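Trainee: my questions concern the predicted model and sequence given below.
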Amino acid sequence: MIIGILKEPKEESRVAMLPEAVKTLLSWGAEVQVEQAAGNTAFATDPSYQEVGASIKSREELLSQADILIGIQPLSPLEIAKTKSGAVLMGQMNALYDSQLRDYLIAEKKTAFSMELVPRTTRAQSMDVLSSMATVTGYKAVLMAADLLPRFFPMFMTAAGSITPSRVLILGAGVAGLQAIATARRLGASVFAFDVRQAAKEEVLSLGAKFVDVEGATEDKDAGGYAVEQSEEFLQRQKDTIHEHALKADVIITTAQIPGRKAPLLVEERTVRAMKPGAVVIDLAASSGGNCALSQPDQTVEVNGVRIVGVGNLAASMPQDASKMYGKNYLNFLKLIIKDGNLHLNFEDDIVTGTCVCHEGKAISPRIIQIQNT
């Protein structure tokens, strides 16, 4: 069985697997082919892959020969058409949103796994690329904010007087939010955090932040740890509370997203316009609609001296460790579908089923089937 590691598009600096992960694949009895220069932007050279036993191939060779093709960004339909019959395609295919690619994969009877569909369960944690990459984005978002902020994060006692700590407001206490809290606290900021899930309160407090409470939130134990849609009454209370805290904040980092839906609006235009000049908003949900009313994907907007940064693929700004984490997630998932060096798809396994977009012309993931039926 041949496993191919693809080179990502030029805007993506990560690679799906570093040489250390490839070495593990080889120990399973698989042959591994790596596209030429695939790891260069993640500081993994072709010779480093060859040293562990992989072979370097052109893209055309990989597409035509590999039994399993592994990447991060999805292939185009044109390239999918060049893959061998029965090949398994793996990556982050944005399968819940990209109906054109999803329908093409089904029509062409391809077998495809979309890693953002990995279930949010305890057993699947080690395979969850969204959580791994959220760790990177939460960390980098704080460093980005600290770089843009015209003042210090920590409190300083100096000969020129005392410098008070910056006040940071984190909206959403999932993986990215918690990492942002931890990083901001390490830098010495005074941190406040909001989340509609009361279960997040204990984690927020344990990291040394203060929890911003808004009563009356709707919670769903079956939402896999994500927030769910809220009533209009609660949303207005939420916006008013965030508005009050935003007026005192030097930095706001927003991380709230709902799978399959537009990101909830948390920071209104009136709030941005009332914030302190020099304040910074980092919107990690900009690519899915934005938590801030004025954010634009991959752009920095300035309003009344407040800078709003719409973050896109922030994980790619730390390609070495991000690739290491991504590769480990892949290895843990591949253990489920590779047995004795051969492909073995067990669709009775809830993780395999939940992550599989389609197989033999049929949608497999319950979330994909649900979208088809709506």
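Mentor: Yep, that arrived. Residues are numbered from 1 along each chain as shown.
Trainee: can you list the weak-confidence ranges in the chain?
Mentor: 216-230, 260 (pLDDT under 70).
Trainee: how is it partitioned into domains?
Mentor: With domains defined by automatic domain parsing, the chain comprises 2-127+319-372, 133-312.
Trainee: strands along the stretch 101-250 of the chain, start to end?
Mentor: Using DSSP state E, counting those that start in this stretch, the strands of the stretch 101-250 of the chain run over 111-114, 156-158, 161-163, 167-171, 190-194, 210-212.
Trainee: elements contacting the fourth one?
Mentor: Helices and strands touching strand 167-171, as assessed by 3 or more Cβ pairs under 8 Å, 6 or more residues apart in numbering; DSSP states H and E, comprise helix 175-186, strand 190-194, helix 232-246, strand 251-254. Just so you know, the C-beta spots here come from the backbone N, C-alpha and C atoms, and that holds for glycine as well.
Trainee: likewise the second one?
Mentor: Identification of packing neighbours for strand 156-158 by 3+ Cβ pairs under 8 Å, 6+ apart yields strand 161-163.
Trainee: just the third one next, same as before
Mentor: Using 3+ Cβ pairs under 8 Å, 6+ apart as the contact criterion, the elements in contact with strand 161-163 are strand 156-158.
Trainee: neighbouring strands - and their directions - for the strand it packs on?
Mentor: strand 161-163 (antiparallel) (DSSP bridges).
Trainee: neighbours of Pro297, how many?
Mentor: 14 (other Cβ atoms under 10 Å).
Trainee: name the SS class of it, please.
Mentor: coil (DSSP: H, G, I helix; E, B strand; the rest coil).
Trainee: wait, doesn't it sit right on Ile308?
Mentor: No. Using Cβ atoms under 8 Å, Pro297 is not in contact with Ile308, being 11.5 Å away.
Trainee: deepest in the core, which of the helices and strands packed on strand 167-171 is it.
Mentor: Highest mean neighbour count among these (mean count of other Cβ atoms under 10 Å): strand 251-254, with a mean of 30.
Trainee: between the strands of the stretch 101-250 of the chain, which one is closest to Ser76.
Mentor: strand 111-114 (13.4 Å; Cβ to Cβ).
Trainee: list the neighbouring strands of the closest one plus their orientation.
Mentor: Partner strands for strand 111-114, per DSSP bridges, with pairing direction: strand 88-91 (parallel), strand 356-359 (antiparallel).
Trainee: and of these, who's closest to Leu149?
Mentor: strand 88-91 (35.5 Å).
Trainee: which residues outside the closest one are in contact with it?
Mentor: Here strand 88-91 makes contact (Cβ atoms under 8 Å, 6 or more residues apart in numbering) with 6, 16, 67-75, 80, 83, 105, 110-115, 330, 337, 343.
Trainee: possible to save the helices and strands packed on strand 167-171 as JSON lines with distance to Leu25?
Mentor: Putting the helices and strands packed on strand 167-171 into JSON lines (distance: least, Cβ to Cβ, whole Å) gives the following:
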{"stretch": "helix 175-186", "distance to Leu25": "26"}
{"stretch": "strand 190-194", "distance to Leu25": "39"}
{"stretch": "helix 232-246", "distance to Leu25": "46"}
{"stretch": "strand 251-254", "distance to Leu25": "36"}
